[in-house]
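In: The sequence isn't on hand, but the structure is:
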Ligand SMILES: Cc1cc2nc3c(=O)[nH]c(=O)nc-3n(C[C@H](O)[C@H](O)[C@H](O)COP(=O)(O)OP(=O)(O)OC[C@H]3O[C@@H](n4cnc5c(N)ncnc54)[C@H](O)[C@@H]3O)c2cc1C
């Protein structure tokens, strides 16, 4: 028996959540007294296996088939790995890819599926924490089954960085091509080559405190000076001042940068749901009681029209 974590990658890069899955998997494996196996399916599996040779991983299984994510290949790969390893827990990312194949895998294997878990414990069975109603309510799910499939929310576990020395094994998968009914024909960047804010290390995020579209230039200059990417709260996107793919939050993107600088953002639950996993949160707001200060590591109570140009000057 073991814990099996399935890594996530896109366009040649392992996604951050892969390293977080290792941490979640290691914690469960320790609680269960079982091994942690990590699987990587498709892409440059040899190079991914090197990156996934991390502390606490016992074996990395490489499934060399195709370049990019494919629903039908992933379903078959995880089914076959499950049959070979019979893991107690199958951990998958709660990413676009993970949400695509995890329900199909759980259904075909007859496993209960807990989606979007933010904490996991094993004590005579799995207990998972999930959030509901835009993160206003936390629920505890006790799973009454010997084996379970789980998707794990990105940014909730620390990524594992320490290297280890797991065995790396090529997993022999014979794909039933008649079950492969889709293929990736290419990638199209949203909004004409705009950036992916979920990949950024430093985000400068702007909210309604900026007042007018022409004032955005102020925060763009700060982002430039910091080498940061510009993101926004929903009102800025609703106003059409920035494209939708820059929106952070429940109905936008979940981001986990090293630094998140919130400029004129109040910290509504729907916004916080998308950025609370950031390593360091800095907030600039005139209102000392703004909820953003409840989760900020550093706060500046002040007028952004004074503070932002001063910071830009400092970092140029
Ligand atoms: C179903 C649903 C989904 C949603 N999804 C999202 C989502 O994905 N992302 C999201 O962001 N929101 C989302 N919202 C909206 C959310 O509830 C808030 O309305 C929104 O986040 C508020 O954005 P804001 O903080 O920019 O604006 P406000 O709440 O208006 O805050 C502006 C802040 O700027 C400060 N300020 C004003 N002037 C200055 C100044 N000169 N200097 C410094 N500070 C100043 C104010 O004190 C205030 O705290 C959603 C809402 C619903 C109902």
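Out: Received it, and whenever you're ready, just let me know what you need. Since we're looking at a predicted model, the values are computed, not measured. Numbers count the residues shown, from 1 in each chain.
In: What separation is there between residue 101 and residue 114?
Out: Going from residue 101 to residue 114 by CB to CB, to the nearest Å gives 15 Å. Glycine gets a C-beta too; all of them are placed from N, C-alpha and C.
In: Sorry, slip of the keys, the one I care about is residue 204.
Out: Distance, residue 204 to residue 114, by CB to CB: 35 Å.
In: Name the residue in the two with the higher neighbour count.
Out: For residue 204 versus residue 114, the count of surrounding residues by other CB atoms under 10 Å is larger for residue 204: 28 against 22.
In: Low-confidence ranges, this protein, go.
Out: 134, 189-194 (pLDDT under 70).
In: Report the buried residues of stretch 298-316.
Out: By neighbour count with 16 or more other CB atoms under 10 Å, stretch 298-316 contains the buried residues 299-300, 304, 307-308, 311-312.
In: list the buried ones in stretch 133-151?
Out: 141, 143, 147-151.
In: In strands, which of these fall?
Out: 141, 148-151 (DSSP state E).
In: With distance to the ligand added, can I get those residues in TSV?
Out: Below are those laid out as TSV (distance: CB to the nearest ligand atom, whole Å):
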residue	distance to the ligand
141	23
148	30
149	27
150	24
151	20
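In: Which one of those is nearest to residue 47?
Out: Residue 47 lies nearest to residue 151 out of these, by CB to CB, at 24.9 Å.
In: other SSEs contacting the helix or strand where residue 225 lies?
Out: Assigned by DSSP states H and E, residue 225 falls within helix 216-226. Helices and strands touching helix 216-226, by 3 or more CB pairs under 8 Å, 6 or more residues apart in numbering; DSSP states H and E, are strand 202-206, strand 229-232, strand 259-263, helix 304-315.
In: in its sheet, what does the first one sit against?
Out: Note on strand 202-206: by DSSP bridges, its sheet partners are strand 229-232 (parallel), strand 259-263 (parallel).
In: which residues are contacting the longest one?
Out: This means strand 259-263. 201-207, 209-210, 219, 222, 226, 228, 275, 278-285, 292, 296, 304, 308 (CB atoms under 8 Å, 6 or more residues apart in numbering).
In: Could you restrict those residues to the ones contacting the ligand?
Out: Among these, proximity to the ligand is found for 207, 209, 284-285, 304 (CB under 6 Å from any ligand atom).
In: helices or strands up against the longest helix belonging to the chain?
Out: Assignment by DSSP state H gives helix 16-32 as the longest helix of the chain. Contacts defined by 3+ CB pairs under 8 Å, 6+ apart place helix 16-32 against strand 2-6, strand 35-41, strand 89-93, strand 119-122, strand 148-152.
In: can you redo those strands as JSON lines with distance to residue 271?
Out: Output for the helices and strands packed on helix 16-32, formatted as JSON lines (distance: least, CB to CB, whole Å):
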{"stretch": "strand 2-6", "distance to residue 271": "30"}
{"stretch": "strand 35-41", "distance to residue 271": "33"}
{"stretch": "strand 89-93", "distance to residue 271": "23"}
{"stretch": "strand 119-122", "distance to residue 271": "22"}
{"stretch": "strand 148-152", "distance to residue 271": "22"}
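In: between those, which gets nearest to residue 185?
Out: The nearest among the helices and strands packed on helix 16-32, by CB to CB, is strand 35-41 at 19.1 Å.
In: interface residues of the stretch 101-250 of the chain facing the ligand?
Out: Counting by CB under 6 Å from any ligand atom, the residues of the stretch 101-250 of the chain near the ligand are 207-209, 233-235, 247-250.
In: I'd like to know which of the ones in strands among the buried residues of stretch 133-151 is nearest to residue 79.
Out: For these, the nearest to residue 79 is residue 149 (11.4 Å; CB to CB).
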